[in-house]
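# got a structure for you, letters missing:
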């Protein structure tokens, strides 16, 4: 009996020893002898290597409190064509729901990685999750989001690979983006999502960009611009605000614009930043610089009487000149105040080719150099190609096209007592300033003319008690197929508002209002006034 029990115990012990030895041998085979095979198998199932860029740096407004471009997580779907387990099921699913990916798949049959679609919508993501396909994987990746959509023409956008393709995103792409790295895409066994493994190598960190834009004032100006464009059923409008002392752009608003977060529904005609990427014949607002040139050359005095012929249509050296209202004899200041084309042209003829030189001196026909892509240089018809009409046309804003930023820069010369400060859109840039371009007397006189124009001339609706406001308006016919159309106009108001050391240049522009017989005094001047009031309240300049 005792021997039988000993035999049983010995047999059980032997069996356990054999099992233990078998386990040890099996573990040895798995972990030592076949370790490379199983490691490679696991990597094929859970790892793949792709090129990756970390999150882009932020873009903020001048205060740093408003983020204009930030990062959010987007979901992408991908497959590993060379490792597919059930290609037939996958191909049917792609053909039904992602036909473009289905067309690409055969070309990627030997590849280790292929995106099905990036930046999936919630509906697409839910569809893939419900399908639970073995060969379809989801990946979290960085994506750009723009909280202030109306700033899109300035801030710009990135493409599907998170590379800047317009605006500040493009201009400072290398600064905003980190160094490209090769990283493993790892699978989270619990959630089923793939994610980027943190790279171990040292990389160049991206740097944020802080703009000179004040997001609060920008929104207020954009809101007022939108209301004005809609009120007059106009095609387009813009508002620009600049600090002339340092060239900083506070507002650069355009309407209509596009939504950078929903690009599939956008009208691509509105992706331009109209303040720099369109150039216009601006009309009578350019009389300011004709007057400044004549004053600088001492060819006219501020109170000199000018015979405006008491006609709406007159002929100067055989050339026809139209003006909006007949005036008899006016002082030169009144010629500009009342925006009389005949009186302006008479003084411009004294200047001759010097008018061209002065228009170029204040920056027309030359890019300002602002840190944005797509800026146009404008155009000033040179004397070598002038007709008899050219000096007359140039004197009141035709045969010269300019961007709104160039117009703001030119008014900044007056505000800065003859010194030109180059515009900038990025903080902490050292402003480039010229030597004085005009005499103190000429600047004093043109300011006096602009004050009178605002007090009792075409820009009188812009006057504000307690502030020095110096404005000029321009109503211009638009050119179509080589012919100026009386029923299609642009409306501009540009000017300076200041109190003590506080100075701002404001330019408002509205194009093609769907109302007959309007003038800038009825369209652009009220917009100027409303933007100025909201800005002064915001800045607490009381």
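All right, it came through fine. A quick note: this is a predicted structure, and the numbers were derived from the prediction, not measured.
# what residues are up against the residue most central in space within the chain?
Using C-alpha atoms, centre = their mean, the residue of the chain that lies closest to the mean C-alpha position is residue 154, 1.5 Å off. Contact analysis of residue 154 by C-beta atoms under 8 Å, 6 or more residues apart in numbering lists 167, 168, 211, 213, 252, 273, 372, 425. (Each C-beta comes from the backbone N, C-alpha and C, glycine too.)
# Wait, a strand at the fourth one?
Read it as residue 213. No - read with DSSP: H, G, I helix; E, B strand; the rest coil, residue 213 is coil and lies in no strand.
# Any idea how many residues pack against it?
Applying other C-beta atoms under 10 Å, we find 30 residues neighbouring residue 213.
# start at 6 instead
Done: numbering now begins at 6, and the last item shifts to residue 218.
# any idea how far it lies from residue 390?
39 Å (C-beta to C-beta, to the nearest Å).
# following the longest strand anywhere in the chain, which helix or strand comes up?
Ranked by number of residues, the top strand in the chain under DSSP state E is strand 488-504. Downstream of strand 488-504, the first helix or strand assigned by DSSP states H and E is strand 507-516.
# Which parts of the stretch 6-155 of the chain are strands?
52-57, 64-65, 72-84, 119-122, 142-150 (DSSP state E, counting those that start in this stretch).
# partners of the shortest one in the sheet?
Strands flanking strand 64-65 in the sheet, each with its direction: strand 72-84 (antiparallel), strand 214-215 (parallel) (DSSP bridges).
# quick one: the first one to strand 142-150, angle?
For strand 72-84 against strand 142-150, the angle by axes from the mean of the first three to the mean of the last three C-alpha atoms, to 10 degrees is 160 degrees.
# So what's the gap between the longest strand of the chain and the chain middle?
22 Å (C-alpha atoms, centre = their mean, to the nearest Å).
# before we move on, what about stretch 274-291?
Using C-alpha atoms, centre = their mean, the offset of stretch 274-291 from its chain centre is 14 Å.
# What is the neighbour count of the nearest residue to residue 388 once chain neighbours are set aside?
Leaving aside its sequence neighbours, residue 388 sits nearest to residue 358 (C-beta to C-beta, 6 or more residues apart in numbering; 4.2 Å). By the criterion of other C-beta under 10 Å, residue 358 has 12 neighbours.
# And for the one 10 residues further on?
Other residues near residue 368 number 27, with proximity taken as other C-beta under 10 Å.
# for residue 17, same thing?
For residue 17, using other C-beta under 10 Å, the count is 10.
# OK, contacts around the nearest residue to residue 461 once chain neighbours are set aside?
Spatial nearest neighbour of residue 461, chain neighbours left out: residue 342 (6.6 Å); criterion: C-beta to C-beta, 6+ apart. Contacts for residue 342 (C-beta under 8 Å, 6+ apart) come out as 454, 457, 458, 461, 462, 463.
# Could you tell me how far residue 342 is located from residue 492?
Per C-beta to C-beta, residue 342 is found 27 Å from residue 492.
# Return the backbone torsion pair for residue 263.
phi -130, psi 160 (degrees, to the nearest 10).
# Return the distance of it relative to residue 67.
In terms of C-beta to C-beta, residue 263 sits 23 Å off from residue 67.
# mind listing what residue 447 touches?
If you count contacts by C-beta under 8 Å, 6+ apart, residue 447 has them with 297, 300, 301, 423.
# re the thing from before, which members of the contacts of residue 159 are the farthest-apart pair?
216 and 278 (13.0 Å; C-beta to C-beta).
# Tell me which of residue 263 and residue 67 has more neighbours.
residue 263 (21 against 18).
# helices or strands next to the helix or strand harbouring residue 526 in the packing?
Assigned by DSSP H and E, residue 526 belongs to helix 525-544. Where contact means 3 or more C-beta pairs under 8 Å, 6 or more residues apart in numbering; DSSP states H and E, helix 525-544 is packed against helix 220-236, strand 241-248, strand 253-260, strand 473-485, strand 488-504, strand 507-516.
# Go again with 7 Å.
If contacts are counted by 3 or more C-beta pairs under 7 Å, 6 or more residues apart in numbering; DSSP states H and E, helix 525-544 sits against helix 220-236, strand 473-485, strand 488-504, strand 507-516.
# could I get the ones you listed as CSV with mean neighbour count and distance to residue 352?
Listed next are the helices and strands packed on helix 525-544 as CSV, based on neighbours: other C-beta atoms under 10 Å; distance: least, C-beta to C-beta, whole Å:
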stretch, mean neighbour count, distance to residue 352
helix 220-236, 20, 33
strand 473-485, 22, 15
strand 488-504, 20, 20
strand 507-516, 25, 24
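# closest one to residue 313 among these?
Each of the helices and strands packed on helix 525-544 has some distance to residue 313 by C-beta to C-beta; the shortest is strand 473-485, at 17.7 Å.
# picking that back up, the residue nearest to the centre of the chain falls within a helix, correct?
Yes - the assignment for residue 159 by three-state DSSP puts it in a helix.
# and it, what pLDDT?
Per-residue confidence at residue 159 stands at 96 (pLDDT).
# quick one: it from residue 379, how far?
Residue 159 is 11 Å from residue 379, where distance means C-beta to C-beta.
# Does the residue nearest to residue 388 touch residue 387 like I think?
No - taking contacts as C-beta atoms under 7 Å, residue 358 lies outside contact range of residue 387: 8.7 Å.
# and the closest residue to residue 514 other than its chain neighbours, what is it in contact with?
In space, residue 514 comes closest to residue 243 once its chain neighbours are excluded; the distance is 4.7 Å by C-beta to C-beta, 6+ apart. By C-beta atoms under 7 Å, 6 or more residues apart in numbering, the contact set of residue 243 is 258, 259, 279, 280, 409, 514.
# How about the first one: which residues does it bridge to?
Taking DSSP bridges, one obtains residue 244 as the residues bridged to residue 258.
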